[in-house]
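Can you look at this prediction? I've put the sequence above it.
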Amino acid sequence: MKKLFTLLIFLPAILLTSCGYENGDNTPMMLGDSDAPVLIEEFSDIQCPACGIISPQIEELARNNSDIVRLDYYHFPLSYHEYAFIGAEATECAANQGEGWEYLAMAFANQKSLSDDFFYSMAEDLGLDMDTFIACVDNNEKKEKILSHLREGKERQIPGTPSLFINGEMVKWAGYEQMEAYIKSL
C-alpha cells in the first residue's frame, strides 16, 4: 500500500518532467533521494527577502533528513525584482557545472549585492568554467527552463514566494523545528 501511495505522489512529478519543453530541461534543481517518501517542492525568488531567510532553512532541512526528504527547487522570479530572473538563469548555469546549490546559497547570503556583475563574480568565486558560465547566461540558455517554472507555479496558483508543497499539499513555513516534526510524522 505504501508503494502505491508513493507512486501516486510521484507520478504527477514524473509526468510533468516528461512533458516536452523546447530544451527538454524543465526539471527543478533536486536535492536528496528521488525515492524519498517526502517531497518538498519550493517555489522561490532569489531576490525575495523572505526566501533569503526561509530557503536556506529548507535546504538544511532536506540535507539533515536526506533519508526521507527530496527537495525540488523551482525558480519563481517576481517581475518587480530586478535581478530575480537573471539570478535564476545564473543559478541554473551554475547547476550545469554541479554548483547550483552553492551558487544559490551565495546569492541568498548576498541579496543586497545582487547585480549583473555580482552574478559573474560569484561564479568565479566558485571556480566555475567562466567561458561556459558566461555563454550560458549571456545566451539565455536557461530562459525556457525558468519560464517553465513560472508556468508551473501559475498553474498551481502560487500566491507569492516562498511557496511550499509537501507531498503535493501547499503548506506554510512554520519554522525549522515544526517543519522537521511534520515531515517526520508523515
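That came in fine, so what should we check first? These figures come from a predicted structure and were not determined experimentally. Numbers count the residues shown, from 1 in each chain.

Need the three-state assignment for the residue nearest the centre of the chain.
Nearest residue to the geometric centre of the chain (CA atoms, centre = their mean): residue 73, 2.0 Å. Three-state call for residue 73 (DSSP: H, G, I helix; E, B strand; the rest coil): strand.

where along the protein do the strands fall?
29-32, 38-44, 69-75, 163-166, 169-171 (DSSP state E).

export those to TSV and tack on distance to residue 133?
C-beta coordinates here come from the backbone N, C-alpha and C atoms, glycine included. Output for the strands of the chain, formatted as TSV (distance: least, CB to CB, whole Å):
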stretch	distance to residue 133
strand 29-32	16
strand 38-44	21
strand 69-75	17
strand 163-166	28
strand 169-171	34
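
do you know how far residue 81 is from residue 44?
Taking CB to CB, to the nearest Å as the measure, residue 81 falls 11 Å from residue 44.

So the two - more neighbours on which side?
Neighbours per residue, other CB atoms under 10 Å: of residue 81 and residue 44, the larger number sits with residue 44, 27 against 18.

Residue 158 is in contact with the more buried one, correct?
No: applying CB atoms under 8 Å, one finds residue 44 not in contact with residue 158, separated by 10.1 Å.

can you list residues touching both of the two?
Taking CB atoms under 8 Å, 6 or more residues apart in numbering as the criterion, residue 44 and residue 158 both touch residue 76.

circling back to that earlier point, who's in contact with the residue nearest to the centre of the chain?
Counting by CB under 8 Å, 6+ apart, residue 73 makes contact with 28, 29, 30, 31, 42, 44, 55, 104.

Output the strands of the chain in a markdown table, with mean pLDDT and distance to residue 146 appended to each entry.
Below are these laid out as a markdown table (pLDDT from 0 to 100; distance: least, CB to CB, whole Å):
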| stretch | mean pLDDT | distance to residue 146 |
| --- | --- | --- |
| strand 29-32 | 96 | 12 |
| strand 38-44 | 98 | 12 |
| strand 69-75 | 98 | 5 |
| strand 163-166 | 98 | 16 |
| strand 169-171 | 97 | 21 |
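
Any idea which of those strands gets closest to residue 113?
Residue 113 lies closest, by CB to CB, to one member of these: strand 38-44, at 18.2 Å.

So what touches that closest one?
9-10, 13, 28, 51, 55, 58, 61-62, 65, 68-76, 149, 153, 156, 158, 161-168, 183, 186.

same thing but 6 Å
51, 55, 58, 68-74, 76, 153, 158, 161-167, 183, 186 (CB atoms under 6 Å, 6 or more residues apart in numbering).

among these, which ones are buried?
Taking 16 or more other CB atoms under 10 Å as the criterion, what is buried in those is 51, 55, 58, 69-74, 76, 153, 158, 161-167, 183.
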